[in-house]
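> quick one, what's the 3D model for this:
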Amino acid sequence: MRTIYFGLPALVLATVTTPAFAQDKSISDSLSVSGGAAVVSDYRFRGLSQTGEEAAVQGWATMTHDSGFYVGFWGSSTNFNTVDSLGAVKTQSAEIDAIAGYSHKLTSGITVDGGFTYYMYPGGTDLATDYIEPYLAVTGDIGPLTAKVGAAYIPSGQNATGGKDNIYLYTDLSAIIPNTPVKR
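Numbering: from 1, shown residues only. The predicted structure follows:
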């Protein structure tokens, strides 16, 4: 007997074509909350797949004060193995990032943003995969383009990095496509 599952192709199609959903909400005169969710084809962090090149479900929320301070979280499903400090192999199935920072517009078109991200991988036995990373970035407008340069630093002494420090430098360039709903 042959069994045909019609629902599976529809589910796969829905998963592949699901857009990111985001929403902003003002909860007081000086406090706002934004957040969203997405299904992505692969979660890559600094060039490395965190899901074995499979799809991931992600979500985020941020609370921002008019002063420039913000707190939030970002989370994603993951699928990779790690070894804890006792030598046990653990499959990491989720990442949750706690974020706190401050963003300030220096002048028209130039913004500085700095803070901390604490990367957590639930299921680890002794925090061998968790680490904290301060970051600093400067964003500026160059005509119709927006350029961003930044650095993220992992201080030494954390189990997840083998006790060594690490610095990650990055840049980003984006543009608005005129007369379309596509934004930065």
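
> going on from whichever strand or helix holds residue 111, what's the next piece of helix or strand?
Using DSSP states H and E, residue 111 maps to strand 110-120. Counting by DSSP H and E, the element after strand 110-120 in chain order, helix or strand, is strand 131-142.

> which parts of that next one are buried?
131, 133, 135, 137, 139-140 (16 or more other C-beta atoms under 10 Å). Placement of C-beta: from N, CA and C, glycine included.

> ok, stretch 69-80 next?
70, 72-80.

> same deal with stretch 110-122?
Counting neighbours by 16+ other C-beta under 10 Å, stretch 110-122 gives 111-113, 115, 117, 119-121 as buried.

> what does stretch 159-168 give?
By neighbour count on 16+ other C-beta under 10 Å, the buried set for stretch 159-168 is residue 160.

> how long is that stretch end to end?
18 Å (C-alpha to C-alpha, to the nearest Å).

> same question for that stretch, mean pLDDT?
On average, the pLDDT along stretch 159-168 is 82.

> one more: stretch 176-184?
Rounded mean pLDDT across stretch 176-184 is 71.

> what are the buried residues along stretch 55-72?
55-60, 62, 64, 70, 72.

> which residues are in contact with that stretch?
Here stretch 55-72 makes contact (C-beta atoms under 8 Å, 6 or more residues apart in numbering) with 15-16, 29-43, 50, 73-78, 98-104, 115.

> quick one, helices of this structure?
Using DSSP state H, the helices found in the chain span residues 7-17.

> widest-spaced pair of the buried residues of stretch 55-72?
Spatial extent of the buried residues of stretch 55-72 (C-beta to C-beta) is set by the pair 55 and 64 at 29.4 Å.

> run through the strands of this protein in chain order.
With DSSP state E as the criterion, the chain has strands at 21-26, 31-40, 44-45, 48-49, 56-65, 69-83, 89-107, 110-120, 131-142, 145-154, 166-175.

> which strands and helices sit next to the longest one?
Counting contacts by 3 or more C-beta pairs under 8 Å, 6 or more residues apart in numbering; DSSP states H and E, strand 89-107 packs against strand 69-83, strand 110-120.

> all good on my end, thank you.
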